[in-house]
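Q: Dropping a prediction and its sequence here:
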Amino acid sequence: MQRQYVHVQSRTLAYFDSAPGDRALRVALFVHAFPLGAAMWESQFKSVPPGWRFVAIDLRGFGGSTINEAAEQPPRIDDYATDVVDLLRELEIAKVVLVGLSMGGYVTLAVLRRAPEVVSAVVLADTRAGADTPEGRGNRRNMLALLDREGPQGVARDMMAKLIGRTSSVERPEVESVVRRLIKQQPPEAIRGAIHRMMERPDSGDVLRGVTVPILIIVGDEDELTPVEEARKMHAMAANAELAIIPRTGHVANLEQPDVFNSTLAAFLSRL
Ligand code: MLT
């Protein structure tokens with residue numbers, strides 16, 4: 001995968017594109033988890049179904065995308081929705097299937113709130129529709145302090161056991177090294193911005209209830225950060241949703257079980 005770049009005013013947006021400029025293909029746009037960047041979708045790009053083009057965005061500050069903190073106060077989850085909409089406009093793509101995992105799911109819901117006309121179907125993986133609880137916000141403040149003290153490395157250490165399911169930690173040790181590498185590549189200011197944006201994001205239950213396009217909800221049955229119960233809640237809220245529970249998988253389902261994730265996604269795309 002080779003990063004591509006577009007420039008929007010004073011910002012640079014980086015992304016991966018499986019078929020740059022190919023207008024004959026339908027497009028699925030992937031939005032990454034916290035704090036990983038677009039490279040987390042590498043295994044999905046190795047298995048692009050015929051007729052499809054995959055694009056994966058680096059949200060501002062992550063991967064190759066730039067950040068302008070001064071212009072972004074207060075940070076909001078909508079900033080990331082702006083990144084998605086800006087990238088689609090620059091690439092002249094009118095409609096996409098939006099695929100978001102965890103924080104990427106929060107961003108997907110923000111895009112649906114702000115620009116539903118660009119979305120033809122939705123995949124919400126290992127995510128939730130609700131806002132942070134007061135306890136969740138407290139945990140975010142602790143993570144901000146940890147980031148200040150130890151940088152991305154401290155965040156990687158703290159998050160690892162929550163990101164990866166128990167089966168993967170025993171049977172798929174390579175997942176941990178990939179996740180650690182992806183986190184350590186991210187600049188502290190990108191991680192800080194994402195923590196603020198996640199802790200301030202609104203409840204998106206109303207958005208999900210209003211979605212009329214097809215939705216696929218995916219969750220690993222060992223996901224502790226956004227457990228199966230959260231996926232079931234989203235499934236009950238959405239009119240046109242199907243639910244896929246991937247066994248022996250934690251929070252980063254696409255990295256832990258890429259083959260199952262890819263075939264579940266491909267089956268959904270083939271039905272659109
Ligand atoms: C993520 O994987 O994107 C984050 O864990 C989501 C969160 O912390 O709420």
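A: Cool, the structure landed.
Q: going forward, measure contacts between C-alpha atoms and count neighbours the same way
A: Fine.
Q: just checking, what packs against the longest helix anywhere in the chain?
A: Across the chain, the helix with the greatest residue count (assigned by DSSP state H) is helix 134-150. Judged by 3 or more C-alpha pairs under 8 Å, 6 or more residues apart in numbering; DSSP states H and E, helix 134-150 is in contact with helix 152-163, helix 188-200.
Q: Could you look over those helices and pick the most buried one?
A: helix 188-200 (a mean of 21; mean count of other C-alpha atoms under 10 Å).
Q: got the contact list for that one?
A: 34-35, 60-62, 67, 75-77, 103, 106, 131-132, 136-137, 140, 144, 147, 151-152 (C-alpha atoms under 8 Å, 6 or more residues apart in numbering).
Q: overlap between those and the residues near the ligand?
A: Intersecting these with the contacts of the ligand gives 34, 103 (criterion: C-alpha under 6 Å from any ligand atom).
Q: Pull out the buried residues from the contacts of helix 188-200.
A: Those of the contacts of helix 188-200 that meet the buried threshold are 34-35, 60-62, 67, 75-77, 103, 106, 131-132, 137, 140, 144, 147, 151-152, by 16 or more other C-alpha atoms under 10 Å.
Q: need the helices and strands packed on helix 134-150 in CSV with distance to E92 and mean pLDDT, can you?
A: Output for these, formatted as CSV (distance: least, C-alpha to C-alpha, whole Å; pLDDT from 0 to 100):
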stretch, distance to E92, mean pLDDT
helix 152-163, 34, 93
helix 188-200, 27, 96
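Q: show me what contacts Q2?
A: By C-alpha under 8 Å, 6+ apart, the neighbours of Q2 are 16-17.
Q: what helix or strand is it on?
A: According to DSSP states H and E, Q2 maps onto no helix or strand at all.
Q: Please save the CA atoms from stretch 150-168 in CSV.
A: Output in CSV follows, covering the C-alpha atoms of stretch 150-168 (Å, rounded to 0.1, in the frame of the first residue of the first chain):
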residue,chain,number,x,y,z
GLU,A,150,5.1,8.5,28.5
GLY,A,151,4.0,9.4,24.9
PRO,A,152,2.4,7.0,22.4
GLN,A,153,4.4,4.1,23.9
GLY,A,154,2.6,4.4,27.2
VAL,A,155,-0.8,4.5,25.4
ALA,A,156,0.2,1.4,23.5
ARG,A,157,1.0,-0.4,26.7
ASP,A,158,-2.2,0.7,28.4
MET,A,159,-4.5,-0.2,25.5
MET,A,160,-3.0,-3.4,24.3
ALA,A,161,-5.0,-5.8,26.5
LYS,A,162,-8.2,-4.0,25.8
LEU,A,163,-7.7,-3.8,22.0
ILE,A,164,-6.8,-7.4,21.4
GLY,A,165,-9.0,-10.4,22.4
ARG,A,166,-7.8,-13.1,24.7
THR,A,167,-7.7,-15.7,21.9
SER,A,168,-5.5,-13.5,19.7
